[in-house]
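J.: Fold the following.
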Amino acid sequence: MKIVILDGMAANPGDITWKALEKFGEVIAYDVTSKDQLIERMQGAMCAITNKTVFDKETFEKLPDLKYIGVLATGYNVVDLEAAREHGVVVTNVPEYATFATAQMTMALLLELTNLVGLHTASVMSGEWCKSPQFCYFKSPLTELCGKTLHIIGLGKIGQRVAQMASSFGMAVTATPHNTALFGTEVNINGTIVKCMPLEEGIKGAGVVSLHCPLNDETREIINAETLKLFKPGTLLINCARGPVVNESDVRSALDSGLLAGYGTDVVSVEPMLENNALLGAPNCVITPHIAWTPVETRIRLIDMAAANLQAYLDGSPINKVN
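T.: Sure thing, here's the model as predicted:
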């Protein structure tokens, strides 16, 4: 069986292997694949492994040998699922592989905004500590998390993990889960008590708001000028969900005005980031280039789970099928 990995560089830039997939047949791995290259590279291949390479209706019509697409991610909007069904192509994804890593990045962004490690490291390296008249100094006030309230938007596996980590810092945790039936109740997550409530109520009482919801019609730009008006002055906002769940221009305005004390995000509305993105140069803004999912251990898990998906398909009992 011919297996073509179309855009493997993100998951495996060369520091790990595709060994888990190689047991199924010939594996051809490309770093990236453009739309113009896709059809030629997939000729004669039964299996495609993709992360961001798009499979639209026209693509399926030109690939009669294609039987299986393994999406090397949790999101699978790059594949036209209806067209895949029409052509008898099974599509799978890899859910929850990055739960721990994404929660870890959430806390890393939060701690950078509260403890300003990068700012002070740069200061020390530039020689400021050597010139200090006393044993310590700070460039800007630090913030203690203990006693503050974290409001989580989206209480799936990542949101639950973040709740537990925040609780260990002494924070109270509230959440707006997708299941509105939970509003007004308390959820016990391995000993961490989370109070569930509507969005407006939750963000009004929070010192930190963290986004962990999927991107859909309900959540697109859920953080905007109107919802930002409900934030307490000095609130911190964290986004390890998807860029478009916030209106970046409105967030920039809130940062400029001081309404938001800081914004930490691993995602932006268009990736790679555009040069005219409103967040570039924003004050008190920490941005990482969509790397929450990229620890070595996480990427190995991703490839192993993708291989398990393919094995299940070949055995006649597909798992993590999305179409």
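J.: what's the burial count for Met125?
T.: Each residue near Met125 was counted by other C-beta atoms under 10 Å, and the total is 9. For the C-beta atoms, the positions are set from N, CA and C on the backbone; glycine is no exception.
J.: For Val286, see how far away it is.
T.: Look at Met125 and Val286: by C-beta to C-beta, to the nearest Å, they are 18 Å apart.
J.: same thing with Asp31?
T.: On the measure of C-beta to C-beta, Asp31 and Val286 end up 28 Å apart.
J.: which element is Ser269 on?
T.: For Ser269, there is no host helix or strand (DSSP states H and E).
J.: who touches it in this structure?
T.: Gly243, Pro244, Glu248, Asn277 (C-beta atoms under 8 Å, 6 or more residues apart in numbering).
J.: could you redo the last one with a cut-off of 7 Å?
T.: Counting by C-beta atoms under 7 Å, 6 or more residues apart in numbering, Ser269 makes contact with Gly243, Pro244, Glu248.
J.: do the same with Ala278
T.: Glu248, Ser249, Arg252.
J.: And these, which of them are buried?
T.: Buried members of the contacts of Ala278, counted by 16 or more other C-beta atoms under 10 Å: Glu248, Arg252.
J.: List the ones among the contacts of Ala278 that fall in strands.
T.: Among the contacts of Ala278, no member falls in strands (DSSP state E).
J.: next one: stretch 86-102 to chain centre, how far?
T.: Distance of stretch 86-102 from the chain centroid (C-alpha atoms, centre = their mean, to the nearest Å) equals 14 Å.
J.: Low-confidence stretches in the stretch 151-300 of the chain?
T.: Scanning the stretch 151-300 of the chain for pLDDT under 70 picks out no residues.
J.: can you give me the helices for it?
T.: Counting by DSSP state H, counting those that start in this stretch, the stretch 151-300 of the chain has helices at residues 157-168, 199-204, 225-228, 248-257, 296-314.
J.: Please identify the most buried of those.
T.: helix 157-168 (a mean of 21; mean count of other C-beta atoms under 10 Å).
J.: Touching that helix from outside, list them.
T.: Contacts to helix 157-168, defined as C-beta under 7 Å, 6+ apart, come from residues 96, 99-100, 102-103, 106-107, 150, 152, 173, 175, 189-190, 192, 194, 210, 212.
J.: Restricting to C-alpha, output it in PDB.
T.: Written as PDB, here are the backbone C-alpha positions of helix 157-168 (Å, rounded to 0.1, in the frame of the first residue of the first chain):
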ATOM      1  CA  LYS A 157     -10.900  17.600  28.100                       C
ATOM      2  CA  ILE A 158      -8.500  20.600  27.700                       C
ATOM      3  CA  GLY A 159     -10.700  22.900  29.700                       C
ATOM      4  CA  GLN A 160     -11.000  20.400  32.500                       C
ATOM      5  CA  ARG A 161      -7.200  19.900  32.600                       C
ATOM      6  CA  VAL A 162      -6.700  23.700  32.800                       C
ATOM      7  CA  ALA A 163      -9.300  23.900  35.600                       C
ATOM      8  CA  GLN A 164      -7.200  21.400  37.700                       C
ATOM      9  CA  MET A 165      -4.000  23.200  37.000                       C
ATOM     10  CA  ALA A 166      -5.500  26.600  37.900                       C
ATOM     11  CA  SER A 167      -6.900  25.200  41.100                       C
ATOM     12  CA  SER A 168      -3.400  24.100  42.100                       C
END
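J.: which residues of this protein fall in strands?
T.: All strands of the chain, identified by DSSP E, fall at 2-5, 26-29, 47-50, 68-71, 90-92, 149-153, 172-176, 186-189, 192-196, 208-211, 235-239, 260-265, 285-287.
J.: mind putting those in a markdown table, distance to Gln311 and mean neighbour count included?
T.: As requested, the strands of the chain are exported to a markdown table (distance: least, C-beta to C-beta, whole Å; neighbours: other C-beta atoms under 10 Å):
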| stretch | distance to Gln311 | mean neighbour count |
| --- | --- | --- |
| strand 2-5 | 12 | 22 |
| strand 26-29 | 14 | 16 |
| strand 47-50 | 12 | 26 |
| strand 68-71 | 11 | 24 |
| strand 90-92 | 11 | 22 |
| strand 149-153 | 35 | 25 |
| strand 172-176 | 36 | 23 |
| strand 186-189 | 32 | 12 |
| strand 192-196 | 36 | 19 |
| strand 208-211 | 34 | 26 |
| strand 235-239 | 35 | 25 |
| strand 260-265 | 36 | 24 |
| strand 285-287 | 38 | 18 |
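J.: Make a markdown table from those and add distance to Ser140 to it.
T.: A markdown table is the format used below for the strands of the chain (distance: least, C-beta to C-beta, whole Å):
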| stretch | distance to Ser140 |
| --- | --- |
| strand 2-5 | 45 |
| strand 26-29 | 45 |
| strand 47-50 | 43 |
| strand 68-71 | 42 |
| strand 90-92 | 47 |
| strand 149-153 | 22 |
| strand 172-176 | 25 |
| strand 186-189 | 33 |
| strand 192-196 | 30 |
| strand 208-211 | 18 |
| strand 235-239 | 14 |
| strand 260-265 | 11 |
| strand 285-287 | 13 |
